[in-house]
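*Asks:* only the shape, not the letters, is given here:
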């Protein structure tokens, strides 16, 4: 009999140790929940846009971005476990959810005010108007800092929670 080696044997080339979690399922679940949270935000803006000040609109947007990132990150961390690709994908999905929640709210408000004809004109003549409205600050004519801050908040919350919750899961 030979004595056991003092180190753990390395698996043969091309084979990986088994891991737990479902990273693809985590990304799809995060995407699905991000769409729902973004639609709820757009509906909230549609219901309250007439009574909002600029400060309140920015606060609601940042809250939406943080909530979207927290929910997506939690789900990705719990389902995807330690998969770094799932964590990064969750951060991207949360940031996109914050962006599209805002732009879809602009389209819904425009549709409520001016009807379907305005939407057709928007698609024909200025299809990127919602993205330009998200990007620009009408008061000073520059870039809206809150828009970029919302993306950073959503991505940071999603990645941070996915990392924290995923790293608590045992490695198999």
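*Replies:* Sure, I can see it. Every value quoted in this text rests on a predicted model; they were computed, and no experiment measured them. Numbers count the residues shown, from 1 in each chain.

*Asks:* so which elements touch the longest helix along the chain?
*Replies:* Secondary structure of the chain per DSSP state H: the longest helix is helix 84-114. In terms of contacts (3 or more Cβ pairs under 8 Å, 6 or more residues apart in numbering; DSSP states H and E), helix 84-114 is packed against helix 23-48, helix 54-80, helix 116-125, helix 129-135, helix 145-167. (Each C-beta comes from the backbone N, C-alpha and C, glycine too.)

*Asks:* looking at the ones you listed, which is closest to residue 110?
*Replies:* Nearest to residue 110 among those is helix 116-125; the distance by Cβ to Cβ comes to 5.6 Å.

*Asks:* buried ones in the longest helix of the chain, by neighbour count?
*Replies:* Neighbour-count burial for helix 84-114, counted by 16 or more other Cβ atoms under 10 Å, picks out 86-110.

*Asks:* also stretch 136-156?
*Replies:* By neighbour count, and taking 16+ other Cβ under 10 Å as the criterion, the buried residues in stretch 136-156 are 144, 146-147, 150-151, 153-156.

*Asks:* can you lay out those residues as JSON lines showing distance to residue 68?
*Replies:* Written out in JSON lines, the entries for the buried residues of stretch 136-156 read as follows (distance: Cβ to Cβ, whole Å):
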{"residue": "144", "distance to residue 68": "18"}
{"residue": "146", "distance to residue 68": "15"}
{"residue": "147", "distance to residue 68": "14"}
{"residue": "150", "distance to residue 68": "9"}
{"residue": "151", "distance to residue 68": "11"}
{"residue": "153", "distance to residue 68": "9"}
{"residue": "154", "distance to residue 68": "5"}
{"residue": "155", "distance to residue 68": "10"}
{"residue": "156", "distance to residue 68": "12"}
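
*Asks:* and stretch 58-69, how far out from the chain's middle?
*Replies:* 10 Å (Cα atoms, centre = their mean, to the nearest Å).

*Asks:* if I look at the nearest residue to residue 34 once chain neighbours are set aside, how far off is residue 29?
*Replies:* Nearest residue to residue 34 in three dimensions, chain neighbours excluded: residue 97, at 3.5 Å (Cβ to Cβ, 6 or more residues apart in numbering). Noted for residue 97: a distance of 13 Å to residue 29, by Cβ to Cβ, to the nearest Å.

*Asks:* again with residue 75
*Replies:* Distance of residue 75 to residue 29, given as Cβ to Cβ: 5 Å.
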